[in-house]
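Could you look at this predicted model? Sequence included:
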Amino acid sequence: MMAGILFDDIFTIEILNPNGEKFDKVTRIAAQSEKHGILMNLDVNTEIYPMKKKEKFLMVLSPTLNWNEAFSSSDDMQGEQKSLADKFEYVMHGLVYKISEEGSGSDVKAGIYASFGGLQMWLKGDPIHCTKFKVDQKLFLLIRKLP
């Protein structure tokens, strides 16, 4: 994980609309991450970005879209502004509104809750992977499907 990135991992979609809700243009995906074992529920505007069960995707959470800030690049691009969004297919801007902990001892899980204009994201996993998040923090969610 690079300097300005809050979180990144590869996820596999396990369930679509896990609680049985159906919305016109939005699908709630339940996905599991490969590297960190994080569970995620995420509302996606599937009218513009369809997603299917068992699909794999890279997800990055970053406080900025500025490539140099996100990766603290030492080779300054002489004023050329590269955007993280150029490398992804689906981007949302939102806000962390709640951080929770549940369980005890070695079974403690952190919960990170964010809203992207009403579309919700919930991450649940080992607190060690959730230390960069703060309530009221603005962030970008970026997704790119993998082959």
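That came through, no problem.

Any stretches of this protein with poor pLDDT?
1-3, 69-81 (pLDDT under 70).

all strands for it, in order.
Per DSSP state E, the chain has strands spanning 7-16, 26-33, 39-45, 56-62, 90-102, 109-116, 119-125, 138-145. These are given in chain order.

Adding distance to residue 131 and mean neighbour count, write those out as a markdown table.
All C-beta spots, glycine's among them, are computed from the backbone N, C-alpha and C. As requested, the strands of the chain are exported to a markdown table (distance: least, CB to CB, whole Å; neighbours: other CB atoms under 10 Å):
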| stretch | distance to residue 131 | mean neighbour count |
| --- | --- | --- |
| strand 7-16 | 10 | 17 |
| strand 26-33 | 16 | 20 |
| strand 39-45 | 17 | 20 |
| strand 56-62 | 13 | 20 |
| strand 90-102 | 10 | 15 |
| strand 109-116 | 9 | 19 |
| strand 119-125 | 12 | 19 |
| strand 138-145 | 14 | 18 |
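
between those strands, which gets nearest to residue 132?
Closest of those to residue 132 is strand 7-16, at 7.1 Å (criterion: CB to CB).

residues in contact with the closest one?
1, 27-36, 38, 40, 51-61, 123, 129-130, 132-133, 146 (CB atoms under 8 Å, 6 or more residues apart in numbering).

partner residues bridging the nearest residue to residue 127 once chain neighbours are set aside?
Counting by CB to CB, 6 or more residues apart in numbering, residue 110 is the residue found nearest to residue 127 once chain neighbours are left out, at 4.0 Å. Bridge pairing for residue 110 (DSSP bridges) gives the partners residue 101, residue 125.
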